[in-house]
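# Below are the sequence and a predicted model; questions follow.
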Amino acid sequence: MSQYKPYPAYKDSGVEWLGEVPEHWVVARFRDLCEGISTGPFGTALGNDEYVNGGIPIINPSHIVDEQCCPDDDVSVSAEAAERLRFWAMQAGDIVTARRGELGRSAVITPEQDGWICGTGSLRVRPIPDRVSARHLHTVLQSNYARDWLNLSSVGSTMANLNEGILGQLPVACPDVAEQAAIATHLDRETAHIDALIEKKTRFIELLREKRQALITHAVTKGLDPSVKMKDSGVEWMGEIPEHWAVCKLSFRYSVELGKMLDEKRITSTSLMPYLRNQDVQWDAVNTEVLPEMDIYPDELSRYTVRTGDLLVCEGGDVGRAAIWRGESDVIGYQKALHRLRPRNDQTDTAEFFFFALMAAKVRGVFEESDSKATIAHLPAEKFRQYRFAFPPVREQLEITGHIRTHVQRLEKVQVKTERSIDLLKERRSALITAAVTGQIDLREAV
């Protein structure tokens, strides 16, 4: 921020969190700048029959997104109920801020949102217009210093929880209202520019992910030779495949076994070993930290343990999510929520190739019901074994896998670099806001 100048003169704010502030600014508690700070209605203030789809919105923390109020039709009430809750109704120029989660997340109520209700998880702030603008207080809440102060002041037994008293104690540095407007105008322009860059880079990351998936899908269904003769696979999601590839049920090429069902009542602790759960298997990654244990007896070891090269596939939840076990531990089991896939013949198949084939199938909706398109809650082993896939010769499987890994790594490097640039932009945005509302930089001439 070297392009900005400091103010000509400073004074001690008397608040350690703020340090020095411009000489002509005043420092006040948040509550002294507001007509009131109030939380939404608690308890059973509403009956179930008073919630109506598309009625008058109630704004809870989840509805405050990107400094805007984003109502949910399912969390709205009838006009009659809103009248009874009018004490908590918001008006244009109010600020609504989250009491839980990311403290400081807030939005300024617009004229179109006049009459919306402040929810239980939110606080309604009504600034005193001739002392402070809503835009200035809202911007203060976005600053690093305010969020740090609120988080440290609001720590409860399990989570940060903001209330009127804590928010009211927040120290705020204030210039006069005209200067507040000048600061807000400059910040609006600069943050809009930064937000546009972030949006562009975020879209670029989405395109990288799409390109990555298109690369994988094309490689595992069309191969690497564009001149090869093709044939109809007979499987809708794959379409045409190279003529020399085989198409068959999964069970012909892989053994598919579910893990052991956990029965806590029957644990003897005589043959305990760590085991993998559904949540431990993410795409191309297996968690081995702080795993639970269960009994897997000597005669069950071959059936309920994994070995290097096995493919683990989620049977429930995010059905089809998979990772290869690469020997992170000597002996480890797996629970019934996972399928263990193992090539029937290592000379004809490699789990490395089939991992990418599963990824392509997942994106193409193979594990969704054909009628409702709703994700299957579970993928039974018998059903999984019947799915048909394409299998090139093993040498080609290895070539395809190498091709995918090489190109995916390049795309991931670009993605990581882009994500870092987004983080830097966000840091710059926060630093600019913080510097502006604490008087570290003089934006009067910048406007």
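Received the coordinates, thanks.

# Going by C-alpha atoms from here, please, whenever you check contacts or count neighbours.
Fine.

# pLDDT on stretch 347-354, on average?
The pLDDT scores in stretch 347-354 average 96.

# scratch that, stretch 62-70 is what I was asking about
92.

# now for it, what's the gap between its first and last residues?
8 Å (C-alpha to C-alpha, to the nearest Å).

# Now do that stretch: distance to the chain's middle.
15 Å (C-alpha atoms, centre = their mean, to the nearest Å).

# Likewise for stretch 238-246?
With C-alpha atoms, centre = their mean, you get 37 Å for stretch 238-246.

# May I have that stretch as CSV, with CA atoms only?
Provided in CSV are the C-alpha atoms of stretch 238-246 (Å, rounded to 0.1, in the frame of the first residue of the first chain):
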residue,chain,number,x,y,z
MET,A,238,-18.6,-44.2,-22.4
GLY,A,239,-20.0,-44.1,-26.0
GLU,A,240,-17.4,-45.2,-28.6
ILE,A,241,-14.1,-46.8,-27.4
PRO,A,242,-11.0,-48.2,-29.2
GLU,A,243,-11.9,-51.3,-31.1
HIS,A,244,-9.3,-53.5,-29.3
TRP,A,245,-10.5,-52.6,-25.8
ALA,A,246,-12.6,-55.1,-23.8
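
# buried residues in it?
Neighbour counts over stretch 238-246 (16 or more other C-alpha atoms under 10 Å) mark 238, 240-242, 245 as buried.

# next one: stretch 59-79
Buried-residue list, stretch 59-79, by 16+ other C-alpha under 10 Å: 59-64, 67, 69, 71-72, 75-78.

# just stretch 103-116 next, same as before
Neighbour-count burial for stretch 103-116 flags 103-109, 113, 115-116 (criterion: 16+ other C-alpha under 10 Å).

# now swap in stretch 89-107 and tell me
Using 16+ other C-alpha under 10 Å as the test for burial, stretch 89-107 gives 89-100, 103-107.

# what residues does the longest strand that the chain contains touch?
Ranked by residue count and defined by DSSP state E, the top strand of the chain is strand 51-59. Contacting residues not belonging to strand 51-59 are listed as 69, 71-79, 82, 115-119, 122 [C-alpha atoms under 8 Å, 6 or more residues apart in numbering].

# after that strand, next one along is what?
Under the assignment DSSP states H and E, the closest C-terminal helix or strand after strand 51-59 is strand 64-65.

# residue boundaries of the strands in the stretch 301-447 of the chain?
Secondary structure of the stretch 301-447 of the chain (DSSP state E, counting those that start in this stretch): strands at 311-314, 322-324, 333-334, 338-343, 388-391.

# among these, which is nearest Asp284?
Across the strands of the stretch 301-447 of the chain, Asp284 has its closest neighbour in strand 322-324 (4.2 Å, C-alpha to C-alpha).

# Determine the set of other helices and strands touching that closest one.
Counting contacts by 3 or more C-alpha pairs under 8 Å, 6 or more residues apart in numbering; DSSP states H and E, strand 322-324 packs against strand 281-282, strand 285-286, strand 311-314, helix 351-363.

# Could you give the average pLDDT over the following helix or strand past the second one?
Think strand 285-286. Where DSSP H and E defines the elements, the next helix or strand beyond strand 285-286 is strand 293-295. Strand 293-295 carries an average pLDDT of 91.

# Same check on stretch 149-161?
Mean predicted confidence for stretch 149-161 is 71.

# Each with direction, which strands does the longest strand of the chain pair with?
strand 76-77 (antiparallel), strand 117-118 (parallel) (DSSP bridges).

# could I get those as TSV with distance to Arg342 and mean pLDDT?
Compiled in TSV, the strands paired with strand 51-59 are given as follows (distance: least, C-alpha to C-alpha, whole Å; pLDDT from 0 to 100):
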stretch	distance to Arg342	mean pLDDT
strand 76-77	52	88
strand 117-118	55	92
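
# Nearest to Phe354, out of those strands?
strand 76-77 (47.4 Å).

# what helices or strands is whichever helix or strand comes after that closest one leaning on?
Downstream of strand 76-77, the first helix or strand assigned by DSSP H and E is helix 79-84. Helix 79-84 sits against strand 51-59, with contacts defined as 3+ C-alpha pairs under 8 Å, 6+ apart.

# Now with 7 Å, please.
Applying 3 or more C-alpha pairs under 7 Å, 6 or more residues apart in numbering; DSSP states H and E, we find helix 79-84 packed against no helix or strand.

# Give me the phi and psi for Lys231.
phi -140, psi 160 (degrees, to the nearest 10).

# who's in contact with it?
Applying C-alpha atoms under 7 Å, 6 or more residues apart in numbering to Lys231 gives the contacts 240-243.

# How about Ile422?
By C-alpha under 7 Å, 6+ apart, Ile422 lies in contact with 198, 201.

# show me where this structure has helices.
Assigned by DSSP state H, the helices in the chain fall at 79-84, 134-142, 144-153, 164-169, 177-222, 250-253, 301-304, 351-363, 381-386, 394-437.

# okay, the ones you listed, which one's buried deepest?
helix 134-142 (a mean of 23; mean count of other C-alpha atoms under 10 Å).

# quick check: angle from it to helix 394-437?
130 degrees (axes from the mean of the first three to the mean of the last three C-alpha atoms, to 10 degrees).

# What's the mean pLDDT across helix 134-142?
Mean pLDDT, computed over helix 134-142, is 96.

# For it, which outside residues touch it?
93-95, 104-108, 127, 146-147, 180, 184, 437.

# tell me the angle of that helix relative to helix 177-222?
For helix 134-142 against helix 177-222, the angle by the same axes, to 10 degrees is 50 degrees.

# So what's the gap between helix 134-142 and the chain middle?
The chain centroid and the centroid of helix 134-142 are separated by 25 Å, computed with C-alpha atoms, centre = their mean.

# angle of it against helix 144-153?
Counting by the same axes, to 10 degrees, helix 134-142 lies at 60 degrees to helix 144-153.

# Put the alpha carbons of helix 134-142 into CSV.
C-alpha atoms of helix 134-142 as CSV (Å, rounded to 0.1, in the frame of the first residue of the first chain):
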residue,chain,number,x,y,z
ALA,A,134,-23.9,2.3,8.2
ARG,A,135,-21.3,1.8,5.5
HIS,A,136,-18.5,2.8,7.9
LEU,A,137,-19.6,0.5,10.8
HIS,A,138,-20.1,-2.3,8.3
THR,A,139,-16.6,-1.7,6.9
VAL,A,140,-15.2,-1.7,10.5
LEU,A,141,-16.7,-5.1,11.0
GLN,A,142,-14.9,-6.4,7.9
